[in-house]
Each structure stands twice: as structure tokens, then as C-alpha cells.
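Asker: what follows is a predicted structure for the sequence shown.
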Amino acid sequence: MSKFRLLLGLLLLPILVLSSRSPGQTRVSSDGTDFIFGMPPIMNGSPSSSYTIYAYPYYSVLLCSYDSSIAILSYFDSTGREFDSDTVTVTPQKGATIPLNGPRLVSSPLTRAYKGLHLRSTKPVSAQLLTQNSMDGELALLLPTNCLGRNYMAAALTTVPGITRAFYSGIKNLEGRSLAYVIASADSTKVRYRIAKAGKSSGIYQTISLNRGQVYLIVADTNSSTSDISGTVIESDHPIAVFAANNQPRLPLISIA
């Protein structure tokens, strides 16, 4: 009986080894100790305006952890040099919040800028990017650097034009456009992308080079559904962070006065 059990164990071992290496068994955790990301641009005014903060919102990173941890947020200067900005203690079951610097927003489409942010911690944390003002807010889960990929397809949102949305004085007719922005995690990262419009690929790849901490913004020409860049393919030779969004989403699609 003991020999039979030994033989059965030897026969099952290769099966277990193969099962553990199966792609379906791969698990990715959103907890980590190193994150690189950027701040999504929000439009202020008409579609032709720059991409800045609108009407009292603020950006912050929400952190939580099972263990006590020290988290450090750093920015990049115009030359790519990284410098520490904020340090917080993450307390289990309480978490922590780090306010972000508004000028780190990407201001111009199809240009490279050192607008990235780098977050690191002494113990694994879960990190979420929060955009919030007095009336609404958006939340995005950040993935750690070791979980970033090299192949992406943008899934954005196009606002249906023609509906007025007025918040505060001087801010009216906010018509959002779909967008995607790329953040490099390593120097000399070769990125190529193929823009799609209304689900149809242009078939033409554009190639750029990004250094660590640089952000590159791709934005739709207009807010029309025919300009929606959902389906845009983004590829790289080093891991990159990619976010797809709309710079003035309307959910639900109603008029607010």
C-alpha cells in the first residue's frame, strides 16, 4: 500500500507542477510597495481650453494596508530628477490620504512631460486615485509597478454633445472628450500606438520614446462619438501605466443648473 501511494504521488506531481504554471492560475494583486501613475486631466471650460482642474476639485491618493507602513510620494522635475514630496504613516484599518499637487496635470495632448508620480511604501498597500469636488468625484485603482503591462487597448467614454452642464459661474457647456495617457516606468521606453476612432482603427502606428516619469496624453479631436478613441492600441518594450478616461464625463447624461 505504501508503494502504491508513493507511485501515485510521483504520477500526480508533474500534473500539479503543470497546473501551477498554467496561465489561468496566475494571480495579480493590486497591493504593492511601488506605484507609478499620473493625474487624469479634467477640462476647464470649452473643448478648446487647456486641461486643468475645474471648480474646486482636488486630487489625492487613498492608501490602506493590513500592516503599519510608511508611504512616500515623489514627483519629477523638468529634467526627470525625482524628489520626495510627502511622507505618511498608513495605519491598519484606518488608512491614510496624500493630497496631490494640481500642477502635475498634463496640459497638452501629444507632448511629453515629466508629470508622473511615484509612490513607494515599506509594506504592501492598496492605492486609489481620487478626484473630488463639492458635487462629484472619480476613483481609480492603481496597480503596482510589477503588475504593469506592455500591451493595452483603451476603453474610454465619449460624452454625447448638445447638453448644457452648468456648475458654477463661468463654467458652462462642459463637453468632454475621450482620452488615454501613458506613464513610463523606465527610461528609453519605446511606445507605439494606433489611434482608433469610433471603434475603427486608423491602421497607422505612431512611435514615441518616454523616460521614467514622463507622461504622454492622447485625446480625441472632438467630443463627438465619431471621434471616440476607444479601441486605440498602445504597446511598449517596457512596462507602462495606461489610463483611459473622459475629461468631463456625464453620468447620468442630464442637464444640471
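Answerer: Ah, there it is. Numbers count the residues shown, from 1 in each chain.
Asker: mind listing the residues bridging to residue 197?
Answerer: Beta-bridge partners of residue 197, counted by DSSP bridges, are residue 200.
Asker: that one: what's it in contact with?
Answerer: Residues counted as contacts of residue 197 (CB atoms under 8 Å, 6 or more residues apart in numbering) are 220, 226, 227, 228, 229. Quick note: C-beta positions are derived from backbone N, CA and C, even for glycine.
Asker: hmm, who's touching the helix or strand where residue 150 lies?
Answerer: For residue 150, the host element (DSSP states H and E) is strand 149-153. By CB under 8 Å, 6+ apart, the list of residues contacting strand 149-153 from outside reads 231, 232, 233, 234, 235, 236, 237, 238, 239, 240, 242.
Asker: the first one belongs to a helix?
Answerer: If I follow you right, that is residue 231. No: assessed with DSSP: H, G, I helix; E, B strand; the rest coil, residue 231 is coil; it does not lie in a helix.
Asker: the closest residue to it other than its chain neighbours: how many residues sit nearby?
Answerer: Nearest non-adjacent residue to residue 231, counting by CB to CB, 6 or more residues apart in numbering: residue 196, 3.5 Å away. When neighbours are defined as other CB atoms under 10 Å, residue 196 has 19 of them.
Asker: and residue 196, how far from residue 202?
Answerer: 7 Å (CB to CB, to the nearest Å).
Asker: go on, residue 30?
Answerer: As judged by CB to CB, residue 30 and residue 202 stand 33 Å apart.
Asker: mind checking which of these two has more residues around it?
Answerer: Neighbours were counted for residue 30 and for residue 202 using other CB under 10 Å; residue 30 has more, 15 against 12.
Asker: tell me the SS of that one?
Answerer: From three-state DSSP, the assignment for residue 30 is coil.
Asker: tell me where the stretch 151-257 of the chain is predicted with low confidence.
Answerer: Counting by pLDDT under 70, the ranges of the stretch 151-257 of the chain that qualify are 158-176, 199, 222-225, 247-257.
Asker: please enumerate the strands of it.
Answerer: Ranges of strands in the stretch 151-257 of the chain, per DSSP state E, counting those that start in this stretch, are 178-184, 189-197, 200-210, 215-219, 233-246.
Asker: packing partners of the third one?
Answerer: Okay, so that is strand 200-210. strand 189-197 (3 or more CB pairs under 8 Å, 6 or more residues apart in numbering; DSSP states H and E).
Asker: how about 10 Å then?
Answerer: Counting contacts by 3 or more CB pairs under 10 Å, 6 or more residues apart in numbering; DSSP states H and E, strand 200-210 is packed against strand 112-113, strand 178-184, strand 189-197, strand 215-219, strand 233-246.
Asker: what's it in contact with?
Answerer: Strand 200-210 is contacted by residues 110-112, 114, 116, 182-196, 214, 216, 218, 226, 231-233, 235-238, 240 when judged by CB atoms under 10 Å, 6 or more residues apart in numbering.
Asker: one step back: for the helices and strands packed on strand 200-210, which one sits closest to residue 131?
Answerer: Nearest to residue 131, of all the helices and strands packed on strand 200-210, is strand 233-246, at 9.8 Å by CB to CB.
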